[in-house]
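Q: Sequence and predicted structure, then a few things I'm wondering about:
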Amino acid sequence: MAAKQCDDSPRDMSAEDRRDGLLVRSRKFNPKEVFTWRLAKTLLMGQGLAGLICGTAVSSQYLASNFHVNTPMLQSLLNYVLLCVTYTSMLLCRKGDGNILQILRTRWWKYLLLGLVDVEANYTVVKAYQYTTLTSIQLLDCFVVPVLMVLSWWALKTRYRLIHYVAVCICLLGVGAMVGADLLAGRDQGSTSNILLGDGLVLLSASLYAVSNVCQEYTVKNLSRVEFLGMVGLFGTVISTVQMVILERDEMATIQWSWQVGLLFSAYALCMYGLYSCMPIVMKMSSATSTNLSLLTADLFSLFCGVFLFQYNFSGLYLVSLVVILIGFVTFNAVPTPVNSTDPAIASSSSSSSICEEGSYENAVAAQSDIIKQEVAVSITASTGGATS
(Lines give C-alpha, C1' and ligand atoms only; values in the text may rest on other atoms or scores of the structure.)
Protein backbone atom coordinates (compact mmCIF):
# COMPACT_ATOMS: atom_id res chain seq x y z
CA MET A 1 0.00 0.00 0.00
CA ALA A 2 2.89 2.32 0.88
CA ALA A 3 4.59 1.42 -2.34
CA LYS A 4 1.47 2.35 -4.29
CA GLN A 5 1.34 5.72 -2.55
CA CYS A 6 4.99 6.28 -3.41
CA ASP A 7 4.24 5.43 -7.05
CA ASP A 8 1.30 7.82 -7.19
CA SER A 9 3.06 10.77 -5.56
CA PRO A 10 5.45 11.55 -8.44
CA ARG A 11 2.54 11.42 -10.83
CA ASP A 12 0.56 13.83 -8.68
CA MET A 13 3.56 16.10 -8.30
CA SER A 14 4.15 16.18 -12.04
CA ALA A 15 0.50 17.09 -12.61
CA GLU A 16 0.78 19.84 -10.04
CA ASP A 17 4.00 21.05 -11.64
CA ARG A 18 2.29 21.22 -15.01
CA ARG A 19 -0.60 23.17 -13.54
CA ASP A 20 1.78 25.50 -11.76
CA GLY A 21 3.79 25.98 -14.94
CA LEU A 22 0.63 26.80 -16.88
CA LEU A 23 -0.42 29.31 -14.23
CA VAL A 24 3.02 30.92 -14.26
CA ARG A 25 2.99 31.21 -18.05
CA SER A 26 -0.52 32.66 -18.03
CA ARG A 27 0.48 35.21 -15.38
CA LYS A 28 3.59 36.17 -17.31
CA PHE A 29 1.62 36.64 -20.54
CA ASN A 30 2.19 40.15 -21.80
CA PRO A 31 -0.01 41.28 -24.71
CA LYS A 32 2.61 43.86 -25.67
CA GLU A 33 5.06 41.04 -26.44
CA VAL A 34 2.57 39.41 -28.82
CA PHE A 35 0.77 42.33 -30.45
CA THR A 36 3.87 44.16 -31.59
CA TRP A 37 4.34 46.80 -34.26
CA ARG A 38 6.07 44.15 -36.38
CA LEU A 39 2.95 41.96 -36.26
CA ALA A 40 0.73 44.93 -37.13
CA LYS A 41 3.00 45.86 -40.03
CA THR A 42 3.00 42.28 -41.31
CA LEU A 43 -0.81 42.17 -41.08
CA LEU A 44 -1.27 45.48 -42.88
CA MET A 45 1.21 44.61 -45.62
CA GLY A 46 -0.40 41.20 -46.08
CA GLN A 47 -3.80 42.79 -46.50
CA GLY A 48 -2.24 45.22 -48.98
CA LEU A 49 -1.11 42.21 -51.03
CA ALA A 50 -4.64 40.80 -50.81
CA GLY A 51 -5.93 44.13 -52.12
CA LEU A 52 -3.59 43.90 -55.11
CA ILE A 53 -4.87 40.39 -55.87
CA CYS A 54 -8.37 41.82 -55.66
CA GLY A 55 -7.34 44.40 -58.28
CA THR A 56 -6.16 41.67 -60.65
CA ALA A 57 -9.41 39.73 -60.16
CA VAL A 58 -11.65 42.75 -60.79
CA SER A 59 -9.75 43.86 -63.91
CA SER A 60 -9.73 40.31 -65.30
CA GLN A 61 -13.46 39.96 -64.70
CA TYR A 62 -14.16 43.24 -66.47
CA LEU A 63 -12.03 42.09 -69.44
CA ALA A 64 -13.85 38.76 -69.63
CA SER A 65 -17.42 39.91 -69.01
CA ASN A 66 -17.57 43.32 -70.71
CA PHE A 67 -15.01 42.94 -73.52
CA HIS A 68 -14.83 39.14 -73.98
CA VAL A 69 -11.04 39.11 -73.56
CA ASN A 70 -9.57 35.88 -72.18
CA THR A 71 -5.79 36.07 -72.58
CA PRO A 72 -4.14 35.05 -69.27
CA MET A 73 -0.70 34.59 -70.84
CA LEU A 74 -0.74 38.07 -72.39
CA GLN A 75 -1.71 39.57 -69.03
CA SER A 76 1.06 37.65 -67.25
CA LEU A 77 3.56 38.66 -69.92
CA LEU A 78 2.99 42.34 -69.17
CA ASN A 79 3.84 41.72 -65.52
CA TYR A 80 7.02 39.78 -66.32
CA VAL A 81 8.12 42.49 -68.77
CA LEU A 82 7.76 45.13 -66.04
CA LEU A 83 9.77 42.96 -63.64
CA CYS A 84 12.42 42.42 -66.30
CA VAL A 85 12.70 46.11 -67.14
CA THR A 86 13.02 47.09 -63.48
CA TYR A 87 14.93 44.38 -61.65
CA THR A 88 16.87 42.67 -64.43
CA SER A 89 18.18 46.10 -65.39
CA MET A 90 19.33 46.56 -61.79
CA LEU A 91 21.22 43.27 -62.01
CA LEU A 92 22.87 44.47 -65.23
CA CYS A 93 24.24 47.49 -63.36
CA ARG A 94 25.71 45.38 -60.57
CA LYS A 95 29.36 44.45 -60.32
CA GLY A 96 31.05 41.46 -58.75
CA ASP A 97 29.25 38.30 -57.60
CA GLY A 98 25.82 39.95 -57.80
CA ASN A 99 26.18 40.70 -61.51
CA ILE A 100 23.70 39.07 -63.85
CA LEU A 101 26.44 37.28 -65.82
CA GLN A 102 27.78 35.67 -62.66
CA ILE A 103 24.27 34.64 -61.59
CA LEU A 104 23.51 33.11 -64.99
CA ARG A 105 26.87 31.33 -65.03
CA THR A 106 26.35 29.64 -61.66
CA ARG A 107 22.60 29.00 -61.31
CA TRP A 108 20.77 29.83 -64.56
CA TRP A 109 19.03 26.45 -64.71
CA LYS A 110 17.56 26.91 -61.23
CA TYR A 111 15.94 30.20 -62.19
CA LEU A 112 14.78 28.70 -65.49
CA LEU A 113 12.89 26.01 -63.58
CA LEU A 114 11.60 28.59 -61.09
CA GLY A 115 10.35 30.83 -63.90
CA LEU A 116 8.61 27.85 -65.54
CA VAL A 117 6.95 26.90 -62.24
CA ASP A 118 5.77 30.47 -61.64
CA VAL A 119 4.36 30.93 -65.15
CA GLU A 120 2.50 27.62 -65.13
CA ALA A 121 1.09 28.26 -61.64
CA ASN A 122 -0.54 31.45 -62.93
CA TYR A 123 -1.75 29.79 -66.12
CA THR A 124 -3.26 26.61 -64.64
CA VAL A 125 -5.40 28.40 -62.07
CA VAL A 126 -6.89 30.68 -64.75
CA LYS A 127 -7.43 27.66 -67.02
CA ALA A 128 -9.30 25.86 -64.24
CA TYR A 129 -12.18 28.38 -64.44
CA GLN A 130 -13.11 26.87 -67.82
CA TYR A 131 -13.77 23.44 -66.31
CA THR A 132 -14.91 23.74 -62.68
CA THR A 133 -16.90 25.99 -60.36
CA LEU A 134 -15.81 28.97 -58.31
CA THR A 135 -16.59 27.09 -55.09
CA SER A 136 -14.23 24.26 -55.99
CA ILE A 137 -11.46 26.71 -56.88
CA GLN A 138 -11.84 28.64 -53.61
CA LEU A 139 -11.74 25.46 -51.54
CA LEU A 140 -8.97 23.61 -53.38
CA ASP A 141 -6.80 26.70 -53.72
CA CYS A 142 -6.25 26.49 -49.95
CA PHE A 143 -4.23 23.35 -50.67
CA VAL A 144 -1.27 25.70 -51.10
CA VAL A 145 -1.03 26.17 -47.29
CA PRO A 146 -0.43 22.52 -46.24
CA VAL A 147 1.92 22.01 -49.20
CA LEU A 148 3.82 25.12 -48.13
CA MET A 149 4.13 23.83 -44.58
CA VAL A 150 5.47 20.47 -45.76
CA LEU A 151 7.96 22.07 -48.15
CA SER A 152 9.07 24.60 -45.51
CA TRP A 153 9.59 21.77 -43.02
CA TRP A 154 11.63 19.79 -45.54
CA ALA A 155 13.54 22.48 -47.43
CA LEU A 156 13.79 25.40 -44.98
CA LYS A 157 13.89 23.27 -41.80
CA THR A 158 11.01 25.25 -40.29
CA ARG A 159 9.54 23.55 -37.23
CA TYR A 160 5.91 24.35 -36.48
CA ARG A 161 4.28 24.15 -33.07
CA LEU A 162 0.78 23.08 -32.16
CA ILE A 163 -0.45 26.67 -32.09
CA HIS A 164 0.55 27.10 -35.74
CA TYR A 165 -1.53 24.11 -36.84
CA VAL A 166 -4.48 25.42 -34.81
CA ALA A 167 -4.09 28.84 -36.46
CA VAL A 168 -4.08 27.29 -39.94
CA CYS A 169 -7.25 25.36 -39.11
CA ILE A 170 -8.90 28.61 -37.93
CA CYS A 171 -8.01 30.29 -41.24
CA LEU A 172 -9.41 27.36 -43.22
CA LEU A 173 -12.62 27.56 -41.19
CA GLY A 174 -12.87 31.17 -42.29
CA VAL A 175 -12.52 30.10 -45.92
CA GLY A 176 -15.25 27.51 -45.33
CA ALA A 177 -17.55 30.25 -44.03
CA MET A 178 -16.80 32.29 -47.16
CA VAL A 179 -17.66 29.36 -49.44
CA GLY A 180 -20.86 28.76 -47.45
CA ALA A 181 -21.83 32.39 -47.94
CA ASP A 182 -21.23 32.00 -51.68
CA LEU A 183 -23.54 28.99 -51.81
CA LEU A 184 -26.25 30.79 -49.86
CA ALA A 185 -25.93 33.81 -52.15
CA GLY A 186 -26.13 31.62 -55.28
CA ARG A 187 -22.61 32.50 -56.48
CA ASP A 188 -21.52 28.98 -57.40
CA GLN A 189 -20.42 30.25 -60.80
CA GLY A 190 -18.17 28.69 -63.39
CA SER A 191 -18.27 25.82 -65.81
CA THR A 192 -19.01 22.19 -65.01
CA SER A 193 -17.82 20.76 -68.32
CA ASN A 194 -15.01 18.73 -66.73
CA ILE A 195 -14.97 19.14 -62.96
CA LEU A 196 -12.31 16.48 -62.41
CA LEU A 197 -9.90 18.18 -64.81
CA GLY A 198 -10.62 21.62 -63.34
CA ASP A 199 -10.08 20.45 -59.77
CA GLY A 200 -6.85 18.76 -60.82
CA LEU A 201 -5.63 22.00 -62.39
CA VAL A 202 -6.38 23.89 -59.17
CA LEU A 203 -4.43 21.38 -57.08
CA LEU A 204 -1.56 21.54 -59.57
CA SER A 205 -1.57 25.32 -59.43
CA ALA A 206 -1.56 25.31 -55.62
CA SER A 207 1.40 22.91 -55.57
CA LEU A 208 3.32 25.03 -58.09
CA TYR A 209 2.60 28.20 -56.10
CA ALA A 210 3.91 26.47 -52.97
CA VAL A 211 7.16 25.50 -54.71
CA SER A 212 7.58 29.02 -56.08
CA ASN A 213 6.90 30.64 -52.69
CA VAL A 214 9.33 28.40 -50.81
CA CYS A 215 12.05 29.17 -53.37
CA GLN A 216 11.18 32.84 -53.07
CA GLU A 217 11.46 32.80 -49.27
CA TYR A 218 14.84 31.04 -49.43
CA THR A 219 16.18 33.43 -52.08
CA VAL A 220 15.12 36.69 -50.42
CA LYS A 221 16.41 35.58 -47.00
CA ASN A 222 19.75 34.19 -48.22
CA LEU A 223 20.50 36.08 -51.45
CA SER A 224 18.49 39.16 -52.38
CA ARG A 225 15.06 40.33 -53.44
CA VAL A 226 16.42 42.00 -56.59
CA GLU A 227 18.05 38.78 -57.77
CA PHE A 228 14.84 36.79 -57.35
CA LEU A 229 12.63 39.32 -59.11
CA GLY A 230 15.18 40.01 -61.85
CA MET A 231 15.63 36.34 -62.72
CA VAL A 232 11.91 35.55 -62.52
CA GLY A 233 11.20 38.57 -64.71
CA LEU A 234 13.81 37.50 -67.26
CA PHE A 235 12.86 33.85 -67.61
CA GLY A 236 9.14 34.56 -67.06
CA THR A 237 9.19 36.96 -70.02
CA VAL A 238 10.80 34.37 -72.29
CA ILE A 239 8.53 31.50 -71.24
CA SER A 240 5.34 33.62 -71.32
CA THR A 241 6.16 34.91 -74.81
CA VAL A 242 6.67 31.42 -76.20
CA GLN A 243 3.54 30.05 -74.53
CA MET A 244 1.45 33.05 -75.59
CA VAL A 245 2.46 32.69 -79.24
CA ILE A 246 1.59 29.00 -79.17
CA LEU A 247 -1.68 29.10 -77.20
CA GLU A 248 -3.24 32.55 -77.57
CA ARG A 249 -2.64 33.67 -81.16
CA ASP A 250 -6.32 33.37 -82.09
CA GLU A 251 -7.58 35.11 -78.92
CA MET A 252 -5.18 38.02 -79.41
CA ALA A 253 -6.30 38.49 -83.01
CA THR A 254 -9.94 38.90 -81.93
CA ILE A 255 -9.29 41.59 -79.28
CA GLN A 256 -11.04 44.85 -80.13
CA TRP A 257 -8.66 47.40 -78.65
CA SER A 258 -9.97 50.55 -77.01
CA TRP A 259 -8.84 52.84 -74.25
CA GLN A 260 -10.96 50.89 -71.75
CA VAL A 261 -9.30 47.59 -72.69
CA GLY A 262 -5.88 49.19 -72.53
CA LEU A 263 -6.67 50.68 -69.12
CA LEU A 264 -7.82 47.30 -67.76
CA PHE A 265 -4.68 45.58 -69.10
CA SER A 266 -2.58 48.29 -67.46
CA ALA A 267 -4.43 47.97 -64.16
CA TYR A 268 -3.92 44.21 -64.13
CA ALA A 269 -0.21 44.50 -64.98
CA LEU A 270 0.43 47.18 -62.36
CA CYS A 271 -1.39 45.22 -59.64
CA MET A 272 0.59 42.08 -60.47
CA TYR A 273 3.82 44.09 -60.58
CA GLY A 274 3.09 45.57 -57.16
CA LEU A 275 2.21 42.12 -55.80
CA TYR A 276 5.44 40.54 -57.05
CA SER A 277 7.54 43.50 -55.88
CA CYS A 278 6.11 43.66 -52.36
CA MET A 279 5.57 39.97 -51.56
CA PRO A 280 9.31 39.27 -50.98
CA ILE A 281 9.39 42.08 -48.41
CA VAL A 282 6.51 40.51 -46.46
CA MET A 283 8.07 37.04 -46.75
CA LYS A 284 11.37 38.32 -45.38
CA MET A 285 9.53 39.78 -42.39
CA SER A 286 7.51 36.62 -41.73
CA SER A 287 7.39 33.49 -43.92
CA ALA A 288 5.81 32.09 -47.06
CA THR A 289 3.13 30.27 -45.04
CA SER A 290 2.22 33.39 -43.08
CA THR A 291 2.01 35.44 -46.28
CA ASN A 292 -0.33 32.96 -47.94
CA LEU A 293 -2.56 32.90 -44.88
CA SER A 294 -2.98 36.65 -45.19
CA LEU A 295 -3.81 36.24 -48.89
CA LEU A 296 -6.85 34.11 -48.03
CA THR A 297 -8.77 37.37 -47.58
CA ALA A 298 -8.22 38.34 -51.23
CA ASP A 299 -11.39 36.52 -52.34
CA LEU A 300 -13.35 38.40 -49.69
CA PHE A 301 -12.06 41.75 -50.93
CA SER A 302 -13.08 40.74 -54.46
CA LEU A 303 -16.54 39.87 -53.17
CA PHE A 304 -16.89 43.22 -51.40
CA CYS A 305 -15.93 44.97 -54.64
CA GLY A 306 -18.36 42.76 -56.53
CA VAL A 307 -21.22 43.91 -54.32
CA PHE A 308 -20.80 47.42 -55.73
CA LEU A 309 -19.45 46.67 -59.21
CA PHE A 310 -21.24 43.47 -60.25
CA GLN A 311 -24.32 43.56 -57.95
CA TYR A 312 -23.39 40.48 -55.94
CA ASN A 313 -25.66 39.51 -53.06
CA PHE A 314 -24.13 40.36 -49.69
CA SER A 315 -24.13 37.97 -46.73
CA GLY A 316 -23.10 38.57 -43.13
CA LEU A 317 -21.04 35.38 -43.29
CA TYR A 318 -18.50 37.29 -45.41
CA LEU A 319 -17.70 39.55 -42.45
CA VAL A 320 -17.55 36.52 -40.14
CA SER A 321 -15.15 34.84 -42.57
CA LEU A 322 -12.92 37.93 -42.69
CA VAL A 323 -12.72 38.15 -38.89
CA VAL A 324 -11.99 34.42 -38.50
CA ILE A 325 -9.20 34.48 -41.09
CA LEU A 326 -7.60 37.54 -39.45
CA ILE A 327 -7.79 35.85 -36.02
CA GLY A 328 -6.06 32.78 -37.43
CA PHE A 329 -3.39 34.93 -39.09
CA VAL A 330 -2.63 36.84 -35.86
CA THR A 331 -2.52 33.57 -33.90
CA PHE A 332 -0.06 32.06 -36.39
CA ASN A 333 2.28 35.06 -36.20
CA ALA A 334 2.01 35.53 -32.43
CA VAL A 335 4.40 32.59 -31.85
CA PRO A 336 7.62 32.45 -33.90
CA THR A 337 8.38 29.36 -35.98
CA PRO A 338 11.76 27.94 -34.90
CA VAL A 339 14.30 26.67 -37.41
CA ASN A 340 16.15 23.40 -36.90
CA SER A 341 19.67 24.71 -36.35
CA THR A 342 21.16 21.20 -36.27
CA ASP A 343 21.06 21.09 -40.06
CA PRO A 344 24.61 21.98 -41.23
CA ALA A 345 23.47 23.86 -44.32
CA ILE A 346 21.03 26.04 -42.40
CA ALA A 347 23.50 26.57 -39.57
CA SER A 348 26.27 27.65 -41.91
CA SER A 349 23.87 29.88 -43.81
CA SER A 350 22.66 31.58 -40.65
CA SER A 351 26.17 32.02 -39.25
CA SER A 352 27.63 33.46 -42.43
CA SER A 353 26.86 37.03 -43.41
CA SER A 354 24.63 37.46 -46.43
CA ILE A 355 25.03 40.30 -48.94
CA CYS A 356 22.29 42.95 -48.92
CA GLU A 357 20.76 44.50 -52.00
CA GLU A 358 22.89 47.60 -51.52
CA GLY A 359 26.03 45.46 -51.53
CA SER A 360 26.83 45.71 -47.81
CA TYR A 361 26.95 42.84 -45.33
CA GLU A 362 23.99 42.41 -43.02
CA ASN A 363 26.07 40.94 -40.21
CA ALA A 364 29.01 43.32 -40.56
CA VAL A 365 28.66 44.59 -36.99
CA ALA A 366 28.52 41.07 -35.58
CA ALA A 367 31.51 40.02 -37.65
CA GLN A 368 33.52 43.05 -36.46
CA SER A 369 32.59 42.20 -32.86
CA ASP A 370 33.80 38.63 -33.33
CA ILE A 371 37.10 39.87 -34.75
CA ILE A 372 37.62 42.19 -31.78
CA LYS A 373 36.89 39.35 -29.35
CA GLN A 374 39.38 37.11 -31.14
CA GLU A 375 42.06 39.82 -31.03
CA VAL A 376 41.47 40.35 -27.30
CA ALA A 377 41.69 36.62 -26.66
CA VAL A 378 44.97 36.36 -28.59
CA SER A 379 46.48 39.31 -26.76
CA ILE A 380 45.48 37.88 -23.38
CA THR A 381 46.97 34.51 -24.30
CA ALA A 382 50.19 36.13 -25.47
CA SER A 383 50.53 38.22 -22.33
CA THR A 384 49.84 35.20 -20.12
CA GLY A 385 52.46 33.19 -21.98
CA GLY A 386 54.99 36.01 -21.61
CA ALA A 387 54.38 36.28 -17.88
CA THR A 388 54.78 32.53 -17.44
CA SER A 389 58.05 32.43 -19.28
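A: Okay, I see it. Numbers count the residues shown, from 1 in each chain.
Q: which regions of the stretch 51-200 of the chain sit below the pLDDT cut-off?
A: Scanning the stretch 51-200 of the chain for pLDDT under 70 picks out the ranges 185-193.
Q: mind running it again at 90?
A: Within the stretch 51-200 of the chain, the segments meeting pLDDT under 90 span 53-72, 75, 92-103, 105-107, 122-143, 155-159, 161, 174-199.
Q: Helices of that one, residue ranges please.
A: Using DSSP state H, counting those that start in this stretch, the helices of the stretch 51-200 of the chain run over 72-83, 89-92, 100-128, 134-140, 144-155, 162-184, 195-222.
Q: So for Ile255, which of those sits nearest?
A: helix 72-83 (8.6 Å; CB to CB). The C-beta positions use only the backbone N, C-alpha and C, and glycine is treated the same way.
Q: quick one: contacts of the closest one?
A: The contact list for helix 72-83 (CB atoms under 8 Å, 6 or more residues apart in numbering) reads 60, 119, 122-123, 126-127, 229-230, 232-233, 236-237, 240-241, 243-244, 247-248, 252, 265, 268-270, 272-273, 276-277.
Q: Likewise for stretch 38-45?
A: 278, 281-282, 285-286, 290, 294, 326, 329-330, 333-334.
Q: Apply 10 Å and report the result again.
A: 35-36, 278-279, 281-282, 285-287, 290-291, 294, 326, 329-330, 333-334 (CB atoms under 10 Å, 6 or more residues apart in numbering).
Q: quick one, what contacts the most centrally placed residue in the chain?
A: Central residue of the chain (CA atoms, centre = their mean): Ala288, 3.6 Å from the mean position. Going by CB under 10 Å, 6+ apart, Ala288 touches 144-145, 148-149, 151-152, 156, 158, 209-210, 212-218, 220, 279, 282.
Q: 7 Å - rerun?
A: 148, 152, 213-214, 216-217 (CB atoms under 7 Å, 6 or more residues apart in numbering).
Q: Now tabulate those in CSV and tack on distance to Leu204.
A: Shown next, in CSV, are the contacts of Ala288 (distance: CB to CB, whole Å):
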residue, distance to Leu204
Leu148, 15
Ser152, 19
Asn213, 15
Val214, 16
Gln216, 18
Glu217, 21
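Q: next structured bit after the host helix or strand of Cys271?
A: In the assignment (DSSP states H and E), Cys271 maps to helix 259-285. Using DSSP H and E, the helix or strand that directly follows helix 259-285 along the chain is helix 288-294.
Q: List the contacts of the helix or strand just after that following helix.
A: Sequence order places helix 298-309 as the next helix or strand after helix 288-294, per DSSP H and E. Outside helix 298-309, the residues within contact range by CB under 7 Å, 6+ apart are 50-51, 53-54, 57-58, 138, 178, 312, 314, 318, 321-322.
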